[in-house]
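K.L.:
Have a look at this fold, sequence not included:
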Ligand SMILES: Cc1ncc(COP(=O)(O)O)c(C=O)c1O
């Protein structure tokens, strides 16, 4: 006996990668191998984390409240307000913010919050970019919605455009995932695009779920955010939820600390839902997170490390494999003709693990998988190892693998 919706899920990309490489022997010594397949920041966590975590050890003896602490909510509201230059009263810490245990579980659970059994008498749909962060698909399927894949390919500037979806189709939409900066493409939704999409969500009554966990890893220009777009539209947060976390911003993916912010009605309902079974942040983690959201110095340092690596990547890969410098995030999205074949060759000849792009996408209406010809390369290691690995990657790919 099991939930048969599970049968609609594919294996997660990393399991598929293990299966792909399972029978491939790497010619490279274990000590020389490098995993660029997973987006797990390897930069040292900021020193203030350790101090803050050690401060109130007795708090480990407390069950964490689902809505976190007022201090945590205020720190997040303050950060959002500063980051997006919002009017001081727009984000109410008591009504617009909830802690989550990293954005992943909350992005998944958001579908439980937003997908009704039926929408206007039909099976609800969930819009998502294609290629996309795989959690969106699992969330839609497990909540009985039909996933609708909207191209986020070179032809569309590597972002989905929901504004061209026909009105009748939008009437079926329960929620739309947007990823900005995007994983894997590294592109950013412009403020204009966000400002066009939010009224659409309100008109057709679906929830715009904006996944902004890479918002602080960018080149020159801080990416716009959906809450900033709400401000530009007059300040109403209706039908908008933004998800972010410290995982990438502060290089602490193991801390499992993030937030959801937006529509007060949805936040109240999410709090109710999460009080029945949501993942909570321990009180010492909430306190340490306050210190991290209140500090930008370590974030600037972190961003500079990524910039250095993208400078190197541009030198090494410019003019090859469709290289472009992403506006945000820490992935390269390289067109290598056959992502699986390249991943096998890079592992066997270079000891480099990368993710075939096809594992992050679904076939489009014509049966073509828009990620199939790509690989995703995570620049999460230090600069020296990253540059060395990119040189090797270039040699293997240049050899026609
Ligand atoms: C696009 C995207 N969203 C969300 C997450 C989840 O991150 P976390 O749960 O650490 O906040 C990731 C992690 O890699 C991601 O790439």
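P.N.:
All right, it came through fine. It should be emphasised that the depicted structure is a prediction, and the values quoted were computed from it without experimental measurement.
K.L.:
residue boundaries of the helices in this protein?
P.N.:
13-22, 47-54, 70-83, 103-114, 135-142, 167-170, 191-203, 226-232, 246-249, 264-277, 283-293, 297-317, 339-350, 383-398 (DSSP state H).
K.L.:
Which strands or helices does the last one pack on?
P.N.:
In this structure, helix 383-398 packs against helix 297-317, helix 339-350, strand 352-353, with contacts taken as 3 or more CB pairs under 8 Å, 6 or more residues apart in numbering; DSSP states H and E. In short, each C-beta sits where N, CA and C put it, glycine included.
K.L.:
Out of the helices of the chain, which gets nearest to residue 372?
P.N.:
The closest of the helices of the chain to residue 372 is helix 339-350. By CB to CB, the value is 6.0 Å.
K.L.:
The closest one: which residues count as buried?
P.N.:
339-340, 342-350 (16 or more other CB atoms under 10 Å).
K.L.:
OK, contacts around the closest residue to residue 358 other than its chain neighbours?
P.N.:
Spatial nearest neighbour of residue 358, excluding adjacent residues (CB to CB, 6 or more residues apart in numbering): residue 372 at 4.1 Å. Contact partners of residue 372, counting by CB atoms under 8 Å, 6 or more residues apart in numbering, are 338-339, 356-358, 361.
K.L.:
hmm, back to that, relative to residue 231, which of the helices and strands packed on helix 383-398 is closest?
P.N.:
It is, among those and with distance given as CB to CB, helix 297-317, at 21.6 Å.
K.L.:
Could you pull out the buried residues of that closest one?
P.N.:
298-299, 302-303, 305-306, 309-310, 312-313, 316-317.
K.L.:
could those residues go into TSV alongside distance to residue 264 and pLDDT?
P.N.:
Output for the buried residues of helix 297-317, formatted as TSV (distance: CB to CB, whole Å; pLDDT from 0 to 100):
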residue	distance to residue 264	pLDDT
298	31	98
299	28	98
302	32	97
303	32	97
305	37	97
306	34	98
309	40	98
310	38	98
312	45	98
313	42	98
316	48	98
317	45	98
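K.L.:
Including distance to residue 396, could these go into CSV?
P.N.:
Converted to CSV, the buried residues of helix 297-317 look like this (distance: CB to CB, whole Å):
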residue, distance to residue 396
298, 35
299, 34
302, 29
303, 29
305, 25
306, 24
309, 19
310, 21
312, 17
313, 15
316, 13
317, 13
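K.L.:
Can you narrow those residues down to the ones near the ligand?
P.N.:
Among the buried residues of helix 297-317, not one lies near the ligand by CB under 6 Å from any ligand atom.
K.L.:
Next one: residue 254 relative to residue 36, how far apart?
P.N.:
19 Å (CB to CB, to the nearest Å).
K.L.:
Show me which of those two is the more surrounded one.
P.N.:
In this view residue 254 and residue 36 are compared by other CB atoms under 10 Å, and residue 36 has more residues nearby, 24 against 11.
K.L.:
Enumerate every residue touching that one.
P.N.:
Contacts of residue 36 by CB under 8 Å, 6+ apart are 352-354, 377-381, 389.
K.L.:
which of these are buried?
P.N.:
Here, 16+ other CB under 10 Å leaves 352-354, 377-381, 389 buried among the contacts of residue 36.
K.L.:
now, which of those sits nearest residue 294?
P.N.:
Of the buried ones among the contacts of residue 36, the one sitting nearest to residue 294 (CB to CB) turns out to be residue 380, at 24.8 Å.
K.L.:
For that closest one, give its distance to the ligand.
P.N.:
10 Å (CB to the nearest ligand atom, to the nearest Å).
K.L.:
Touching, that residue and residue 330? I think so.
P.N.:
Yes. Proximity of residue 380 to residue 330 meets the contact threshold set by CB atoms under 8 Å, at 6.1 Å.
K.L.:
Can you pull the residues that touch both of these two?
P.N.:
By CB under 8 Å, 6+ apart, the residues touching both residue 380 and residue 330 are 39, 41.
K.L.:
How about whichever residue of the stretch 301-401 of the chain sits closest to the ligand, nearest residue that isn't a chain neighbour?
P.N.:
Closest to the ligand within the stretch 301-401 of the chain is residue 329: 7.7 Å, counting by CB to the nearest ligand atom. Once flanking residues are discounted, residue 329 sits nearest to residue 214: 4.0 Å by CB to CB, 6+ apart.
K.L.:
Could I get the contacting residues of that neighbour?
P.N.:
180-183, 223, 248, 328-330.
K.L.:
ok, now with 10 Å
P.N.:
Residue 214 makes contacts with 39, 179-183, 186, 188, 223, 244-245, 247-249, 326-331, as judged by CB atoms under 10 Å, 6 or more residues apart in numbering.
K.L.:
do you know how far it is from the ligand?
P.N.:
Residue 214 is 7 Å from the ligand, by CB to the nearest ligand atom.
K.L.:
State the phi and psi torsions of that residue.
P.N.:
phi -100, psi 10 (degrees, to the nearest 10).
K.L.:
Next, count neighbours for residue 45.
P.N.:
20.
K.L.:
What of the one 5 residues further on?
P.N.:
The local packing count at residue 50 equals 11, with neighbours defined by other CB under 10 Å.
K.L.:
from now on call the first residue 85
P.N.:
In the new numbering, first residue 85, that becomes residue 134.
K.L.:
so what's residue 307 closest to, chain neighbours aside?
P.N.:
residue 272 (4.3 Å).
K.L.:
my bad, should have said residue 319
P.N.:
residue 174 (5.4 Å).
K.L.:
Could you list which residues are in contact with the one you found?
P.N.:
161, 164-165, 168, 180, 311, 314-315, 319-321.
K.L.:
before we move on, what about residue 116?
P.N.:
110, 434-436, 469, 472-473, 476.
K.L.:
same thing but 7 Å
P.N.:
Counting by CB atoms under 7 Å, 6 or more residues apart in numbering, residue 116 makes contact with residue 435.
K.L.:
gap between it and residue 126?
P.N.:
16 Å.
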